[in-house]
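In: Okay, sequence plus prediction incoming.
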Amino acid sequence: SLKNNIQFRSVYNEKKAKADRYFVMFIRENGLDHNRLGISVSKKTGNSVVRHRLTRLIRESYRLHEDMFSSGLDIVVTVRGVKNNPQIIPVIVKMKRQDVDRSVIYLAKKHGIYIN
């Protein structure tokens, strides 16, 4: 997994981002034989319980579908900016794992890194 700010910044600076209604996925090739996942949830999304729940849902969704992703990538998933769109917060808070799965797979397909 991606751990520190330098790793996250290198993925953000690549500027390969795709978004849906809830999440933004950034990707960058890492030159390794495996993927590294980073998850970023802003404090504006909710309290720590909500943020950690979203983090767990995203991580679990990726784990279940990991074998369907291309390898050798750094992937960062962030929750869409709630500052500009505050009415989306209640929807994000009530998301189920199937909703997160749908979004993560959709974004991976948009990037062309999801292999069926």
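Out: That came in fine, so what should we check first?

In: At which residues are the strands of this structure located?
Out: 17-19, 23-29, 36-40, 73-79 (DSSP state E).

In: I would like the residues contacting the last one, please.
Out: With Cβ atoms under 8 Å, 6 or more residues apart in numbering as the contact definition, strand 73-79 has outside contacts at 2, 7-8, 10-12, 22-30, 35-42, 45, 54, 58, 62, 69, 92, 104, 107, 113. Yep, even glycine has a C-beta here, placed from its N, CA and C like the rest.

In: between it and strand 36-40, how big is the angle?
Out: Interaxial angle, strand 73-79 versus strand 36-40 (axes from the mean of the first three to the mean of the last three Cα atoms, to 10 degrees): 20 degrees.

In: before we move on, the earlier item: buried subset of the contacts of strand 73-79?
Out: In terms of neighbour count (16 or more other Cβ atoms under 10 Å), the buried residues within the contacts of strand 73-79 are 2, 7-8, 11-12, 22-28, 30, 35-41, 45, 54, 58, 62, 69, 92, 104, 107, 113.

In: ends of stretch 67-83, how far apart?
Out: End-to-end distance for stretch 67-83: 34 Å, by Cα to Cα, to the nearest Å.

In: Tell me what angle the helix ranked longest in the chain forms with strand 36-40.
Out: As assigned by DSSP state H, the longest helix anywhere in the chain is helix 48-65. Between helix 48-65 and strand 36-40, the angle formed by their directions is 150 degrees, by the same axes, to 10 degrees.

In: And the contacts of helix 48-65?
Out: By Cβ under 8 Å, 6+ apart, the surrounding residues in contact with helix 48-65 are 23, 37, 39, 41, 43, 45, 69, 75, 77, 79, 92-93, 95, 97, 100-101, 104-105, 108, 114.
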